[in-house]
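> Output the structure for:
(one chain, ligands or ions: 2)
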Amino acid sequence: MSIQLSIQNLSKIYPTGEGVRDITVEVERGELVTLLGPSGCGKTTVLRSVGGFIEPSGGSIQIGGREVSQLPPEKRPSAMVFQSYNLWPHMTVFDNLAFSLKLKKIKKKELTKKVSWALGLVHLLGMEKKYPSELSGGQQQRIALARALLLEPEVLLLDEPFSALDAKLRHELREELREIQAKQNLTMLFVTHDQEEALSISDRIVVMNKGHIEQIAKPQDIYNQPASLFVAQFIGRMNFLKGIAEADKITVGPMEFLNFHQYTGEITIGVRPEDVILTEGQGLEAKVEKIMMLGHYAEITLHTIIGRLKMFVDRGDMNKFQVKNTIKVQFSTIQAFNHQNEKYDRRNQVI
Ligand SMILES: Nc1ncnc2c1ncn2[C@@H]1O[C@H](COP(=O)(O)OP(=O)(O)O)[C@@H](O)[C@H]1O
Ligand SMILES: [Mg+2]
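Ligands and ions are numbered 1, 2, ... in the order given. Model prediction:
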(Lines give C-alpha, C1' and ligand atoms only; values in the text may rest on other atoms or scores of the structure.)
(Ligands and ions follow the chains in the order given, each with its own letter.)
Protein backbone atom coordinates (compact mmCIF):
# COMPACT_ATOMS: atom_id res chain seq x y z
CA MET A 1 0.00 0.00 0.00
CA SER A 2 1.27 3.44 -0.77
CA ILE A 3 0.50 6.66 0.99
CA GLN A 4 -1.50 8.93 -1.29
CA LEU A 5 -2.09 11.80 1.12
CA SER A 6 0.29 12.65 3.92
CA ILE A 7 -0.50 15.45 6.36
CA GLN A 8 2.37 16.02 8.78
CA ASN A 9 2.23 18.23 11.88
CA LEU A 10 -0.27 20.54 10.26
CA SER A 11 -1.30 23.56 12.27
CA LYS A 12 -3.51 26.50 11.47
CA ILE A 13 -3.98 29.10 14.13
CA TYR A 14 -6.48 31.86 13.35
CA PRO A 15 -5.90 35.34 14.79
CA THR A 16 -8.42 34.49 17.51
CA GLY A 17 -6.10 31.71 18.73
CA GLU A 18 -8.51 29.01 17.55
CA GLY A 19 -7.68 26.45 14.89
CA VAL A 20 -5.90 23.11 14.71
CA ARG A 21 -2.59 21.89 16.07
CA ASP A 22 -0.22 19.05 15.28
CA ILE A 23 -2.45 17.18 12.87
CA THR A 24 -0.73 14.13 11.37
CA VAL A 25 -2.85 11.89 9.15
CA GLU A 26 -1.84 9.53 6.36
CA VAL A 27 -4.30 8.18 3.83
CA GLU A 28 -3.45 5.20 1.67
CA ARG A 29 -4.31 4.93 -1.99
CA GLY A 30 -7.91 3.72 -2.29
CA GLU A 31 -8.67 4.41 1.36
CA LEU A 32 -11.62 6.38 2.76
CA VAL A 33 -10.59 8.24 5.90
CA THR A 34 -13.08 10.37 7.83
CA LEU A 35 -12.44 13.36 10.03
CA LEU A 36 -15.08 13.13 12.75
CA GLY A 37 -15.76 15.51 15.61
CA PRO A 38 -18.20 18.07 16.99
CA SER A 39 -18.82 21.36 15.24
CA GLY A 40 -15.87 23.73 15.66
CA CYS A 41 -13.25 21.02 16.30
CA GLY A 42 -11.29 21.91 13.15
CA LYS A 43 -12.41 19.42 10.48
CA THR A 44 -13.04 21.99 7.77
CA THR A 45 -9.78 23.76 8.59
CA VAL A 46 -7.83 20.54 7.92
CA LEU A 47 -9.76 19.71 4.76
CA ARG A 48 -9.44 23.19 3.29
CA SER A 49 -5.74 23.23 4.07
CA VAL A 50 -5.38 20.05 2.00
CA GLY A 51 -7.45 21.55 -0.82
CA GLY A 52 -5.42 24.76 -0.78
CA PHE A 53 -8.20 27.11 0.33
CA ILE A 54 -6.49 27.91 3.62
CA GLU A 55 -2.85 28.70 4.20
CA PRO A 56 -1.59 26.60 7.12
CA SER A 57 0.56 28.11 9.88
CA GLY A 58 2.89 25.12 9.81
CA GLY A 59 3.43 21.53 8.74
CA SER A 60 3.48 19.79 5.40
CA ILE A 61 0.95 18.29 3.01
CA GLN A 62 1.98 15.78 0.35
CA ILE A 63 -0.21 14.26 -2.31
CA GLY A 64 1.26 11.35 -4.25
CA GLY A 65 4.63 12.05 -2.64
CA ARG A 66 4.68 15.66 -3.83
CA GLU A 67 4.62 18.67 -1.50
CA VAL A 68 1.55 20.75 -2.39
CA SER A 69 1.52 23.37 0.39
CA GLN A 70 2.69 26.12 -1.94
CA LEU A 71 0.27 25.31 -4.77
CA PRO A 72 -3.04 27.11 -5.36
CA PRO A 73 -6.19 24.89 -5.25
CA GLU A 74 -6.47 24.52 -9.03
CA LYS A 75 -2.89 23.27 -9.30
CA ARG A 76 -3.38 20.60 -6.63
CA PRO A 77 -4.28 17.04 -7.64
CA SER A 78 -7.31 17.21 -5.35
CA ALA A 79 -11.00 18.02 -5.81
CA MET A 80 -13.49 19.16 -3.21
CA VAL A 81 -17.21 18.57 -2.69
CA PHE A 82 -18.90 21.06 -0.38
CA GLN A 83 -22.02 20.85 1.76
CA SER A 84 -23.70 23.51 -0.41
CA TYR A 85 -23.42 21.96 -3.83
CA ASN A 86 -21.83 25.01 -5.48
CA LEU A 87 -23.22 24.31 -8.94
CA TRP A 88 -23.46 27.16 -11.43
CA PRO A 89 -27.19 27.96 -11.56
CA HIS A 90 -27.15 29.46 -15.07
CA MET A 91 -25.54 26.36 -16.61
CA THR A 92 -27.13 23.03 -17.50
CA VAL A 93 -25.96 19.86 -15.83
CA PHE A 94 -23.90 19.07 -18.93
CA ASP A 95 -22.18 22.46 -18.89
CA ASN A 96 -21.58 22.28 -15.15
CA LEU A 97 -19.79 19.00 -15.69
CA ALA A 98 -18.05 19.92 -18.93
CA PHE A 99 -16.72 23.27 -17.70
CA SER A 100 -13.46 22.11 -16.21
CA LEU A 101 -12.87 19.66 -19.06
CA LYS A 102 -13.27 22.45 -21.61
CA LEU A 103 -10.58 24.37 -19.77
CA LYS A 104 -8.37 21.34 -20.29
CA LYS A 105 -9.15 21.60 -24.04
CA ILE A 106 -10.63 18.13 -24.26
CA LYS A 107 -12.30 17.34 -27.61
CA LYS A 108 -16.10 17.42 -27.87
CA LYS A 109 -16.53 13.68 -28.46
CA GLU A 110 -14.25 12.71 -25.60
CA LEU A 111 -15.91 15.30 -23.41
CA THR A 112 -19.42 13.93 -24.02
CA LYS A 113 -18.15 10.45 -23.25
CA LYS A 114 -16.57 11.54 -19.99
CA VAL A 115 -19.66 13.46 -18.86
CA SER A 116 -21.80 10.37 -19.55
CA TRP A 117 -19.36 8.23 -17.60
CA ALA A 118 -19.60 10.54 -14.58
CA LEU A 119 -23.39 10.82 -14.80
CA GLY A 120 -23.60 7.03 -15.00
CA LEU A 121 -21.57 6.69 -11.83
CA VAL A 122 -24.00 8.90 -9.90
CA HIS A 123 -27.07 7.35 -11.56
CA LEU A 124 -28.18 10.53 -13.32
CA LEU A 125 -27.81 9.72 -17.02
CA GLY A 126 -30.32 11.65 -19.09
CA MET A 127 -30.22 14.76 -16.88
CA GLU A 128 -27.74 16.61 -19.11
CA LYS A 129 -30.13 19.34 -20.21
CA LYS A 130 -31.60 20.17 -16.81
CA TYR A 131 -30.66 23.19 -14.74
CA PRO A 132 -29.64 22.82 -11.07
CA SER A 133 -32.90 24.47 -9.92
CA GLU A 134 -34.82 21.65 -11.60
CA LEU A 135 -33.04 19.04 -9.48
CA SER A 136 -33.61 17.89 -5.91
CA GLY A 137 -30.96 18.49 -3.27
CA GLY A 138 -29.79 14.90 -3.51
CA GLN A 139 -29.51 15.12 -7.30
CA GLN A 140 -27.58 18.39 -7.07
CA GLN A 141 -25.12 16.81 -4.69
CA ARG A 142 -24.72 13.86 -7.04
CA ILE A 143 -23.88 16.31 -9.84
CA ALA A 144 -21.36 18.06 -7.60
CA LEU A 145 -19.80 14.66 -6.90
CA ALA A 146 -19.74 13.80 -10.62
CA ARG A 147 -18.05 17.10 -11.33
CA ALA A 148 -15.36 16.36 -8.76
CA LEU A 149 -14.87 12.84 -10.14
CA LEU A 150 -14.34 14.22 -13.65
CA LEU A 151 -11.26 16.02 -12.41
CA GLU A 152 -9.82 12.55 -11.72
CA PRO A 153 -8.34 13.79 -8.46
CA GLU A 154 -5.63 11.89 -6.65
CA VAL A 155 -7.47 12.80 -3.47
CA LEU A 156 -11.17 13.60 -3.20
CA LEU A 157 -12.13 15.90 -0.33
CA LEU A 158 -15.71 16.00 0.93
CA ASP A 159 -16.90 18.45 3.59
CA GLU A 160 -20.16 17.24 5.17
CA PRO A 161 -21.55 16.60 1.68
CA PHE A 162 -24.82 15.05 2.84
CA SER A 163 -25.69 17.07 5.92
CA ALA A 164 -28.18 19.30 4.08
CA LEU A 165 -30.20 16.26 2.99
CA ASP A 166 -32.91 14.36 4.82
CA ALA A 167 -32.04 11.15 6.68
CA LYS A 168 -33.24 8.66 4.08
CA LEU A 169 -31.42 10.37 1.23
CA ARG A 170 -28.32 10.71 3.38
CA HIS A 171 -28.27 6.94 3.89
CA GLU A 172 -28.72 6.32 0.16
CA LEU A 173 -26.01 8.71 -0.93
CA ARG A 174 -23.64 7.43 1.71
CA GLU A 175 -23.97 3.93 0.30
CA GLU A 176 -23.60 5.13 -3.27
CA LEU A 177 -20.50 7.11 -2.39
CA ARG A 178 -18.95 4.06 -0.76
CA GLU A 179 -19.71 1.98 -3.87
CA ILE A 180 -18.20 4.55 -6.23
CA GLN A 181 -15.18 4.91 -3.98
CA ALA A 182 -14.56 1.17 -3.95
CA LYS A 183 -15.20 0.70 -7.66
CA GLN A 184 -12.92 3.55 -8.71
CA ASN A 185 -10.38 2.86 -5.97
CA LEU A 186 -10.60 6.52 -4.93
CA THR A 187 -8.60 8.05 -2.12
CA MET A 188 -10.94 10.13 0.03
CA LEU A 189 -10.79 12.43 3.00
CA PHE A 190 -14.35 12.79 4.21
CA VAL A 191 -15.63 15.17 6.89
CA THR A 192 -18.67 14.66 9.08
CA HIS A 193 -19.91 15.40 12.60
CA ASP A 194 -22.26 12.41 12.37
CA GLN A 195 -20.74 9.42 14.15
CA GLU A 196 -23.10 6.94 12.53
CA GLU A 197 -22.12 8.20 9.08
CA ALA A 198 -18.44 7.96 9.97
CA LEU A 199 -18.76 4.44 11.43
CA SER A 200 -20.69 3.20 8.41
CA ILE A 201 -18.56 4.38 5.50
CA SER A 202 -14.97 4.77 6.70
CA ASP A 203 -11.95 2.52 6.43
CA ARG A 204 -10.47 4.56 9.25
CA ILE A 205 -11.73 7.42 11.40
CA VAL A 206 -9.80 10.36 12.79
CA VAL A 207 -11.64 11.59 15.89
CA MET A 208 -10.97 15.28 16.51
CA ASN A 209 -11.68 17.45 19.53
CA LYS A 210 -10.84 21.12 20.07
CA GLY A 211 -8.30 21.30 17.25
CA HIS A 212 -6.40 18.11 18.00
CA ILE A 213 -6.61 14.41 17.22
CA GLU A 214 -7.94 12.12 19.95
CA GLN A 215 -7.71 8.80 18.08
CA ILE A 216 -7.11 7.33 14.63
CA ALA A 217 -8.42 3.81 14.13
CA LYS A 218 -10.78 1.53 12.23
CA PRO A 219 -14.49 2.06 13.02
CA GLN A 220 -14.81 -1.13 15.06
CA ASP A 221 -11.70 -0.27 17.09
CA ILE A 222 -12.95 3.26 17.75
CA TYR A 223 -16.18 1.73 19.01
CA ASN A 224 -14.68 -1.15 20.99
CA GLN A 225 -11.56 0.56 22.27
CA PRO A 226 -12.10 4.31 22.59
CA ALA A 227 -8.73 5.87 23.38
CA SER A 228 -10.10 8.58 25.66
CA LEU A 229 -13.12 9.57 27.66
CA PHE A 230 -13.95 12.09 24.93
CA VAL A 231 -14.07 9.40 22.23
CA ALA A 232 -16.10 7.12 24.50
CA GLN A 233 -18.61 9.91 25.08
CA PHE A 234 -18.78 11.03 21.47
CA ILE A 235 -19.15 7.65 19.78
CA GLY A 236 -22.03 5.29 20.44
CA ARG A 237 -23.92 4.97 23.71
CA MET A 238 -22.04 4.40 26.93
CA ASN A 239 -22.88 4.18 30.63
CA PHE A 240 -20.37 5.97 32.82
CA LEU A 241 -19.88 4.88 36.41
CA LYS A 242 -17.45 5.54 39.19
CA GLY A 243 -14.98 2.83 40.04
CA ILE A 244 -12.16 2.44 42.53
CA ALA A 245 -8.80 1.12 41.38
CA GLU A 246 -6.44 -0.45 43.86
CA ALA A 247 -3.59 -2.91 43.33
CA ASP A 248 -4.72 -5.40 40.66
CA LYS A 249 -8.45 -4.75 41.08
CA ILE A 250 -11.05 -2.28 39.88
CA THR A 251 -14.16 -2.31 42.03
CA VAL A 252 -17.49 -1.14 40.64
CA GLY A 253 -20.20 -1.64 43.25
CA PRO A 254 -20.21 -5.40 43.95
CA MET A 255 -18.29 -6.22 40.74
CA GLU A 256 -14.57 -6.61 40.28
CA PHE A 257 -12.44 -6.23 37.17
CA LEU A 258 -8.74 -6.60 36.44
CA ASN A 259 -6.71 -3.42 36.79
CA PHE A 260 -4.26 -3.98 33.95
CA HIS A 261 -2.91 -0.46 33.93
CA GLN A 262 -2.38 -0.26 37.65
CA TYR A 263 -4.56 2.78 38.09
CA THR A 264 -5.08 4.01 41.60
CA GLY A 265 -7.96 5.85 43.20
CA GLU A 266 -11.20 6.97 41.67
CA ILE A 267 -11.62 6.21 37.97
CA THR A 268 -14.40 6.32 35.40
CA ILE A 269 -15.79 3.11 33.99
CA GLY A 270 -17.50 3.00 30.60
CA VAL A 271 -19.94 0.22 29.74
CA ARG A 272 -21.82 -0.06 26.46
CA PRO A 273 -25.55 -0.81 26.96
CA GLU A 274 -25.15 -4.01 24.92
CA ASP A 275 -22.41 -5.14 27.32
CA VAL A 276 -24.77 -5.03 30.29
CA ILE A 277 -25.99 -8.62 30.53
CA LEU A 278 -28.46 -10.53 32.62
CA THR A 279 -26.87 -12.95 35.08
CA GLU A 280 -28.01 -15.67 37.46
CA GLY A 281 -24.73 -15.65 39.37
CA GLN A 282 -22.92 -12.89 41.17
CA GLY A 283 -23.76 -9.46 39.87
CA LEU A 284 -25.25 -6.06 40.42
CA GLU A 285 -28.82 -5.86 41.64
CA ALA A 286 -30.93 -3.66 39.41
CA LYS A 287 -34.53 -2.58 39.40
CA VAL A 288 -36.19 -2.30 35.99
CA GLU A 289 -37.47 1.27 35.66
CA LYS A 290 -38.46 1.51 32.03
CA ILE A 291 -38.63 -0.67 28.93
CA MET A 292 -38.53 1.01 25.54
CA MET A 293 -39.06 -1.06 22.41
CA LEU A 294 -36.84 0.31 19.63
CA GLY A 295 -37.39 -2.13 16.77
CA HIS A 296 -35.15 -5.16 16.79
CA TYR A 297 -33.93 -4.37 20.30
CA ALA A 298 -35.21 -2.78 23.49
CA GLU A 299 -33.60 -0.17 25.69
CA ILE A 300 -34.05 -0.94 29.36
CA THR A 301 -33.42 1.61 32.08
CA LEU A 302 -32.16 0.14 35.34
CA HIS A 303 -31.84 1.65 38.77
CA THR A 304 -28.86 0.37 40.79
CA ILE A 305 -26.94 1.40 43.89
CA ILE A 306 -24.14 2.74 41.68
CA GLY A 307 -26.44 4.75 39.47
CA ARG A 308 -28.81 4.53 36.58
CA LEU A 309 -27.86 2.16 33.76
CA LYS A 310 -29.04 1.65 30.21
CA MET A 311 -29.14 -1.86 28.83
CA PHE A 312 -29.90 -3.10 25.29
CA VAL A 313 -31.57 -6.47 24.88
CA ASP A 314 -32.65 -8.37 21.77
CA ARG A 315 -36.32 -8.35 20.89
CA GLY A 316 -36.52 -12.08 21.66
CA ASP A 317 -35.30 -11.58 25.23
CA MET A 318 -37.71 -8.79 26.15
CA ASN A 319 -40.11 -11.10 27.94
CA LYS A 320 -37.46 -11.67 30.61
CA PHE A 321 -37.96 -8.10 31.80
CA GLN A 322 -40.82 -6.46 33.61
CA VAL A 323 -41.05 -2.97 35.03
CA LYS A 324 -40.45 -2.86 38.83
CA ASN A 325 -38.87 -6.32 38.86
CA THR A 326 -35.42 -6.73 40.36
CA ILE A 327 -32.80 -8.50 38.24
CA LYS A 328 -29.06 -9.08 38.39
CA VAL A 329 -26.63 -7.87 35.76
CA GLN A 330 -22.95 -8.18 34.92
CA PHE A 331 -20.75 -6.25 32.50
CA SER A 332 -19.18 -8.37 29.76
CA THR A 333 -16.61 -5.68 28.91
CA ILE A 334 -15.69 -2.38 30.48
CA GLN A 335 -13.43 0.51 29.59
CA ALA A 336 -11.49 2.14 32.39
CA PHE A 337 -10.53 5.79 32.17
CA ASN A 338 -8.02 7.28 34.51
CA HIS A 339 -8.80 10.90 35.36
CA GLN A 340 -5.24 12.17 34.97
CA ASN A 341 -4.56 10.96 31.47
CA GLU A 342 -7.94 9.50 30.56
CA LYS A 343 -5.99 6.48 29.46
CA TYR A 344 -7.85 3.57 28.10
CA ASP A 345 -7.49 0.08 29.48
CA ARG A 346 -8.17 -2.27 26.59
CA ARG A 347 -7.84 -5.58 28.35
CA ASN A 348 -10.39 -5.06 31.07
CA GLN A 349 -12.67 -8.04 31.11
CA VAL A 350 -14.98 -9.47 33.71
CA ILE A 351 -13.17 -11.76 36.13
N1 LIG B 1 -11.73 32.12 9.16
C2 LIG B 1 -11.71 31.91 10.48
N3 LIG B 1 -11.30 32.88 11.33
C4 LIG B 1 -11.23 32.68 12.66
N5 LIG B 1 -11.57 31.52 13.26
C6 LIG B 1 -11.99 30.52 12.47
C7 LIG B 1 -12.10 30.66 11.03
N8 LIG B 1 -12.54 29.49 10.53
C9 LIG B 1 -12.72 28.66 11.58
N10 LIG B 1 -12.40 29.27 12.74
C11 LIG B 1 -12.43 28.67 14.09
O12 LIG B 1 -11.58 27.54 14.10
C13 LIG B 1 -12.19 26.45 14.77
C14 LIG B 1 -12.34 25.28 13.82
O15 LIG B 1 -13.28 25.58 12.82
P16 LIG B 1 -13.69 24.58 11.67
O17 LIG B 1 -12.46 24.05 11.03
O18 LIG B 1 -14.66 25.27 10.79
O19 LIG B 1 -14.41 23.42 12.49
P20 LIG B 1 -15.43 22.28 12.02
O21 LIG B 1 -15.35 22.15 10.54
O22 LIG B 1 -14.97 21.05 12.74
O23 LIG B 1 -16.79 22.70 12.49
C24 LIG B 1 -13.51 26.96 15.31
O25 LIG B 1 -13.31 27.36 16.64
C26 LIG B 1 -13.83 28.14 14.43
O27 LIG B 1 -14.56 29.12 15.13
MG1 LIG C 1 -16.92 22.30 9.13
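> For the spatially most central residue of the chain, list the residues it contacts.
Of all residues in the chain, the one closest to the mean position by Cα atoms, centre = their mean is residue 198, 2.6 Å from it. Contacts for residue 198 (Cβ atoms under 8 Å, 6 or more residues apart in numbering) come out as 34, 36, 190, 192, 205, 219. (C-beta placed from N, C-alpha, C; glycine too.)
> Confirm for me that the fifth one is in contact with residue 217.
Yes. Here residue 205 lies in contact with residue 217, judged by Cβ atoms under 8 Å, at a distance of 6.7 Å.
> okay, those two: which has more neighbours?
residue 205 (28 against 17; other Cβ atoms under 10 Å).
> Could you verify that the more buried one is part of a strand?
Yes. Residue 205: assigned to a strand according to DSSP: H, G, I helix; E, B strand; the rest coil.
> Show the subsequent helix or strand relative to the lengthiest helix in the chain.
If you go by DSSP state H, the chain has its longest helix at helix 167-184. Later in the chain than helix 167-184, the nearest helix or strand by DSSP states H and E is strand 188-192.
> Stretch 75-92 close to ligand 1?
No. Contact of stretch 75-92 with ligand 1 (Cβ under 6 Å from any ligand atom) is absent, the minimum separation being 10.0 Å.
> Start and end of that stretch, how far apart?
Start-to-end span of stretch 75-92 (Cα to Cα, to the nearest Å) is 26 Å.
> So what touches that stretch?
47, 50-53, 63-64, 66, 68, 73, 95-96, 99, 128-133, 137, 140-141, 143-145, 147-149, 151, 153-161, 163-164.
> In stretch 64-84, which residues are buried?
Neighbour counts over stretch 64-84 (16 or more other Cβ atoms under 10 Å) mark 68-69, 76-83 as buried.
> Can you get me a residue count around residue 326?
10.
> Chain neighbours aside, what residue packs nearest to it?
Of all residues not flanking residue 326 in the chain, residue 287 sits nearest, at 5.2 Å (Cβ to Cβ, 6 or more residues apart in numbering).
> The one you found reaches residue 324, doesn't it?
Yes. The pair residue 287 and residue 324 passes the contact test of Cβ under 8 Å, sitting 6.9 Å apart.
> more crowded one of those two?
residue 287 (13 against 7).
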